[in-house]
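Colleague: Next input, structure requested:
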Amino acid sequence: MVNIAIMGDYDSIYGFKALGVKVCPVTDPLEAEQMLKKLAEEKTAVIYITEALASRIPEALALYDESMLPAVIPIPGISGNTGIGLARVRKCVEKAVGSDIIFNEKS
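Modeller: So this is what the prediction gives:
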C-alpha cells in the first residue's frame with residue numbers, strides 16, 4: 001500500500017483526511033523536521049507539505065532532494081501560493097532535462 005501524508009497548519013490540511021491522506025498538523029519548524037524524518041522512516045511514499053512550512057525547513061527538505069522516496073512536494077496552504085512549489089518543480093525539470101523546458105525563460 002502506498003502511503004501519502006500531508007504536513008502543515010491544521011486549517012490548510014484537515015480536508016485531506018477525507019481522502020485517506022495521513023494528516024500531520026505541525027507549525028513549529030523543529031517539530032516539522034522531526035515529523036518529516038518520522039514519515040520518511042515509515043516509508044511514506046509521498047509527503048505533501050504546505051509552502052509556508054516548507055520555507056521554514058529548507059535544510060530538512062534538501063535531505064530528500066536526491067532520494068526516490070519519499071517525494072516531498074510543497075503545495076499552497078490557506079495563506080496562498082508563495083511560489084516555492086513551482087520553483088522546486090522547475091529545478092527538478094532543469095536537473096532531469098538539462099534546460100528549462102517548462103517556462104522557457106532565461107535566468
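Colleague: contacts and neighbour counts: CA atoms only from here.
Modeller: Noted.
Colleague: need the strands for the chain, in chain order.
Modeller: Per DSSP state E, the chain carries strands over the ranges 4-8, 22-25, 46-50, 71-75.
Colleague: Return the member of those strands having the minimum mean pLDDT.
Modeller: Lowest mean pLDDT within the strands of the chain: strand 71-75, at a mean of 90.
Colleague: Render the CA-only coordinates of that strand in CSV, please.
Modeller: Extracted in CSV, the C-alpha atoms of strand 71-75 (Å, rounded to 0.1, in the frame of the first residue of the first chain):
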residue,chain,number,x,y,z
ALA,A,71,8.7,12.5,-2.8
VAL,A,72,8.3,15.7,-0.8
ILE,A,73,6.0,18.1,-2.6
PRO,A,74,5.3,21.7,-1.4
ILE,A,75,1.7,22.8,-2.0
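Colleague: what is the orientation angle of it with strand 46-50?
Modeller: Put simply, strand 71-75 runs at 30 degrees to strand 46-50, going by axes from the mean of the first three to the mean of the last three CA atoms, to 10 degrees.
Colleague: counting contacts, what elements does strand 71-75 pack onto?
Modeller: Strand 71-75 sits against strand 46-50, helix 51-54, helix 84-97, with contacts defined as 3 or more CA pairs under 8 Å, 6 or more residues apart in numbering; DSSP states H and E.
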